[in-house]
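*Asks:* how would this look folded up:
(one chain, ligands or ions: 1)
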Amino acid sequence: MHIIYIYFHFTCSRTPKRFAQPLIFPNSSFRMSARQGLRADSTHFTLDGAPFRILGGSIHYFRVPRAYWRDRLLKLKACGLNTLTTYVPWNLHEPERGVYLFQEELDLEAYIRLAGELGLWVILRPGPYICAEWDLGGLPSWLLQDKKMKLRTSYSGFTSAVNSYFDKLIPRITPLQYKNGGPIIAVQVENEYGSYAKDERYMSFIKEALLSRGISELLLTSDNNDGLKCGGVDGVLQTVNLQKLTFGDKPLMVMEYWSGWFDVWGEPHHVFPAPEMISIVRELLDRGISINFYMFHGGTSFGFMNGAVDLGTYKPQTSSYDYDAPLTESGDYTTKYHLLRSLLSTYSSMFLQSDDPVNMECLPANHNNGQSYGYTLYQTDIYSGGDLNSRNHVRDRALVFIDRELIGLKILMMDLLITNSQFVDYIRYLWIIMMLLSAVWTLILTAPIHCRGSNGEEVCNVIFLRMCSDEETNSPYSLNLFIFLRLQSQKWTSVGTKPTYPAFFRGSLVVDQPTDTFLKLPNWSKGVVFVNGQNLGRHWSVGPQKALYLPGPWLRSGDNEVNDCM
Ligand code: GLA
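*Replies:* Numbers count the residues shown, from 1 in each chain. The predicted model follows:
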């Protein structure tokens, strides 16, 4: 059984023109009966033939502890959104060439399935380049071993790596597509390629790489204003990351409505005032435009995964990806959330807008066959007092609610029921990264690293990073793994009050009942913090980030090991 919501206005001269918005749940029988999927054949989207507006929100599974996926998705849904959008970070899923990770915190399929279970549609943005303030825009750094590498082009070294990755990724996604009974209604081809546009054959390659592996849902591109001209590819719907747009006879969609903005070290925290955001969103909605909030919940770029932007000056991004989004970094509600929810409640509950109520048999449901039975919710705004009288138009029983409170059961009356320096993720000439970064790496690999503990804690031996290698394979460890192993195996000894740097520190945090908290490191300059082996990210006294988010599920009752690498 599903409920259809109808929004209509009666006797109200101030009626804004509202856009039809069907509320169709992925888990409803309605979906299973027909598998046309999301279409963009006219000025509005249709899903199974019925008008559909995408009200999306971005939450990246890789920026939220798995234990909180459900909580964040439920909050997204409760805000009135019907679609989840997420990028897929290649560098996490294939950390070493040919080694693929899709489990635990990286269980993409579980994330998509969860969204479906909760009644959300999914738009997947598998890249392979994702930007997203993510290290190297999501591309694995091992690609840079090839000195001739040309990222995001049809250079064979790049395409063959994409092919191998997609061979593993796409088969996990195809069963979760709409036509196969899953929640994925659209898939994005690359990301803002128009702003880069180094190779006109590249976008077709990515598109074919998706199609040939069985992606059959609607394909989209997403571009910035400057990239719109070059970002498209034949047969793929263009969407845009700004507000003013026209695309002729195609549905309009703002693929990234920036709910706030990301922060970079040493500059003020970005804030996008809620009222400003709401008034633009209202305008977009009134114009019938589909929208995706980027971000709905930003979360955290845990570990070393925060990227950097370089538009002339290198600016590394913070570990916090709070984004001034409707949900805070730790998943709490904000004023923005509440205002948005209240605004969306007037739109997301709409199936269609009509000046007169439409009887259920005539609703554009079930391929325009109408609704035969079940419940229908009619809703309107009342601007002044008076008598409410259905004039005998209600043929069934109507439950009457005012501001969601049941005020009675009336017969014949109708009422209202009704963060090392991270890789750049955004730069115009991505291969410059190769020159810049290899220099940085050389320095890191030859610099002596002293390991010391802090105040009353313990220290490990002085070691040289270049000497660190896996004893069995004799191959050097990655910095991340190296730090982790070091922290685990060192003999720690106390140091005085003035340790020398760089150093590793160890301390402990005694917790009674694990719960979400933030770790503040006043007077500590710059470094990386691990708690029980989980890399919380980078800290830097220049701000604006002042504390690191420490999710409750990563803590345990009693002693918790805290390590800092400075
Ligand atoms: C662009 C990219 C996103 C993200 C935003 C800024 O639109 O597509 O990945 O980098 O900018 O947050």
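
*Asks:* Ala78: what's it in contact with?
*Replies:* By Cβ atoms under 8 Å, 6 or more residues apart in numbering, the contact set of Ala78 is Arg341. C-betas here are computed from N, CA, C, even on glycine.

*Asks:* So it versus Gly260, what's the distance?
*Replies:* 20 Å (Cβ to Cβ, to the nearest Å).

*Asks:* Can you verify my assumption that Ser164 contacts His93?
*Replies:* No - judged on Cβ atoms under 8 Å, Ser164 makes no contact with His93 at a distance of 11.6 Å.

*Asks:* ok, those two, which is more surrounded?
*Replies:* Taking Ser164 and His93 together and counting by other Cβ atoms under 10 Å, His93 has the greater number of neighbours (21 against 14).

*Asks:* Need the phi and psi values for the more buried one.
*Replies:* Torsion angles at His93 (phi, psi; degrees, to the nearest 10) stand at phi -80, psi -20.

*Asks:* Test my guess that it contacts Gln103.
*Replies:* No - the pair His93 / Gln103 is not scored as a contact, 10.4 Å apart, by Cβ under 8 Å.

*Asks:* helices or strands next to whichever strand or helix holds Phe293 in the packing?
*Replies:* Element membership of Phe293 [criterion: DSSP states H and E] is strand 290-297. Secondary-structure packing of strand 290-297 (3 or more Cβ pairs under 8 Å, 6 or more residues apart in numbering; DSSP states H and E): strand 55-59, helix 69-78, strand 83-87, strand 253-258, helix 274-286.

*Asks:* now the longest one and strand 55-59, what's the angle there?
*Replies:* Relative orientation of helix 274-286 versus strand 55-59 (axes from the mean of the first three to the mean of the last three Cα atoms, to 10 degrees): 130 degrees.

*Asks:* Measure how buried the residue in the chain positioned nearest to the ligand is and give me the count.
*Replies:* In the chain, the residue found nearest to the ligand is Cys131; the distance is 3.4 Å by Cβ to the nearest ligand atom. Using other Cβ under 10 Å, Cys131 has 22 neighbouring residues.

*Asks:* now Asp332
*Replies:* Asp332: 11 neighbours (other Cβ under 10 Å).

*Asks:* so where is the stretch 201-350 of the chain shaky, pLDDT-wise?
*Replies:* 242-248, 348-350 (pLDDT under 70).

*Asks:* Identify the residue nearest Lys520 in space, chain neighbours excluded?
*Replies:* Spatial nearest neighbour of Lys520, chain neighbours left out: Ala547 (4.5 Å); criterion: Cβ to Cβ, 6 or more residues apart in numbering.

*Asks:* And the strands in the stretch 151-300 of the chain, which stretches?
*Replies:* For the stretch 151-300 of the chain, applying DSSP state E, counting those that start in this stretch gives strands covering 184-188, 218-223, 237-240, 253-258, 290-297.

*Asks:* who does the first one touch, helix- and strand-wise?
*Replies:* Taking 3+ Cβ pairs under 8 Å, 6+ apart as contact, the helices and strands that strand 184-188 lies on are strand 121-125, strand 218-223.

*Asks:* Need the residues that contact the shortest one.
*Replies:* Looking back up the chat, that one is strand 121-125. Residues outside strand 121-125 that contact it (Cβ under 8 Å, 6+ apart): 26, 54, 56, 82-88, 112, 115-116, 173, 176, 178, 182-188, 191, 220, 222, 292.
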